[in-house]
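A.B. asks: I'd like to go over a predicted model; first the sequence, then the structure.
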Amino acid sequence: MSPQSSPPRYTVPGLSTREGGRMIDLLSMRLHSLNDLALTLKHIHWNVTGPHFIAVHEMLDPQTVAVRDMADSAAERISALGGEPRGTAGVLVAERTWDDYSVGRADAIAHLGALDLVYTGIIEDHRKAAAKAASVDPVTEDLLIEHLRSLEQFQWFVRAHLENSAGALSTADAGSEKQAAEAAGPSRTTPAKKTAGTKRAAKKVTAGKRAR
Ligand SMILES: [Fe+2]
C-alpha cells in the first residue's frame with residue numbers, strides 16, 4: 001500500500017504544494033525502504049555463521065550506520081517539504097510492498113547472496129524515484145543520487161564475495177533470496193535442492209517484481 005497524503009499546507013520555496021506532496025509521497029516509500037534495509041543489515045549481522053563470520057559481521061555495521069543516516073536525511077527532507085515522516089514499524093509494515101527478509105541463521109556468504117538481491121531491489125527503486133524527482137525537485141533528486149552512490153558501493157562490497165572464477169556472480173540465476181542464499185552458500189558445488197518453499201518463493205517473485 002502506497003502512502004496517500006494530501007498536499008502539505010506549505011512547502012519549500014519554488015515548488016507548489018502539489019509538487020511538494022508528490023515529493024513527500026515519493027520520499028516516504030524511500031524512507032520505508034531504508035528503514036527496512038537498516039533492520040535487515042542488523043538481522044544479518046546477528047545471524048551470520050561459518051568461516052567468514054567475522055569479516056561479514058564487521059563489514060555490515062558501517063553499512064547499517066550509513067543507511068540509518070540516509071533514512072534520517074530522507075525523513076528530514078520530508079519535514080522540510082512540509083510533510084510528516086512516519087518512521088514506526090507499524091506504518092512500515094502496512095505500507096511496504098515487499099516481504100520480510102527471509103533468511104535466518106545461515107552461512108555468511110549465503111546471506112550475502114540474499115543481500116545482493118535486497119540491494120538490487122532498493123537501488124532499482126531509488127533510481128526510479130530519482131528519475132521521477134528530476135523534473136520536479138532537483139534537491140530531492142540530488143539527495144537520492146547521493147544515497148545511490150553509497151548503496152551501489154555497498155552492493156559492490158557484497159558482490160565481490162559472490163564472484164566465481166569466471167568473474168560471474170554465483171547468484172546470477174536466483175529468483176528469490178532463498179535461492180540466492182543456496183547458490184552463494186558453501187554447498188554451491190551441488191545444484192540447489194528444490195523444496196516446496198523455494199518453489200513457492202520462485203513463483204511469487206515471477207508473479208510480481210520484488211520492489212523495495
Ligand atoms: Fe554488533
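C.D. replies: The structure has been received and is ready for your questions. Numbers count the residues shown, from 1 in each chain.
A.B. asks: what's around the closest residue to E163 other than its chain neighbours, how many residues?
C.D. replies: Spatial nearest neighbour of E163, chain neighbours left out: L169 (6.4 Å); criterion: CB to CB, 6 or more residues apart in numbering. For glycine as for every other residue, the C-beta is placed from the backbone atoms N, C-alpha and C. Number of residues near L169 (other CB atoms under 10 Å) recorded here: 18.
A.B. asks: My guess is L169 contacts H161. True?
C.D. replies: No. Counting by CB atoms under 8 Å, L169 does not reach H161; the two are 10.0 Å apart.
A.B. asks: Show me where this protein dips below the pLDDT cut-off.
C.D. replies: Applying pLDDT under 70 to the chain picks out residues 1-5, 187-210.
A.B. asks: ranges for the helices of it?
C.D. replies: Taking DSSP state H as the criterion, the chain contains helices spanning 17-47, 53-80, 89-95, 108-134, 138-159, 177-184, 196-207.
A.B. asks: if we compare those helices, which one ends up closest to R9?
C.D. replies: helix 17-47 (7.3 Å; CB to CB).
A.B. asks: Now do the closest one against helix 53-80: the angle between them, please.
C.D. replies: Inter-element angle recorded for helix 17-47 and helix 53-80: 160 degrees (by axes from the mean of the first three to the mean of the last three CA atoms, to 10 degrees).
A.B. asks: just checking, what packs against helix 17-47?
C.D. replies: helix 53-80, helix 89-95, helix 108-134, helix 138-159 (3 or more CB pairs under 8 Å, 6 or more residues apart in numbering; DSSP states H and E).
A.B. asks: Any idea how far the first one is from the middle of the chain?
C.D. replies: The chain centre lies 11 Å from the centre of helix 53-80; the measure is CA atoms, centre = their mean, to the nearest Å.
A.B. asks: could you say what helices and strands it packs with?
C.D. replies: Using 3+ CB pairs under 8 Å, 6+ apart: helix 53-80 touches helix 17-47, helix 108-134, helix 138-159.
A.B. asks: ok, 6 Å please
C.D. replies: Helices and strands touching helix 53-80, by 3 or more CB pairs under 6 Å, 6 or more residues apart in numbering; DSSP states H and E, are helix 17-47, helix 138-159.
A.B. asks: May I see the ones you listed organised as a markdown table, with distance to A108 and mean neighbour count added?
C.D. replies: Below are the helices and strands packed on helix 53-80 laid out as a markdown table (distance: least, CB to CB, whole Å; neighbours: other CB atoms under 10 Å):
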| stretch | distance to A108 | mean neighbour count |
| --- | --- | --- |
| helix 17-47 | 9 | 21 |
| helix 138-159 | 11 | 17 |
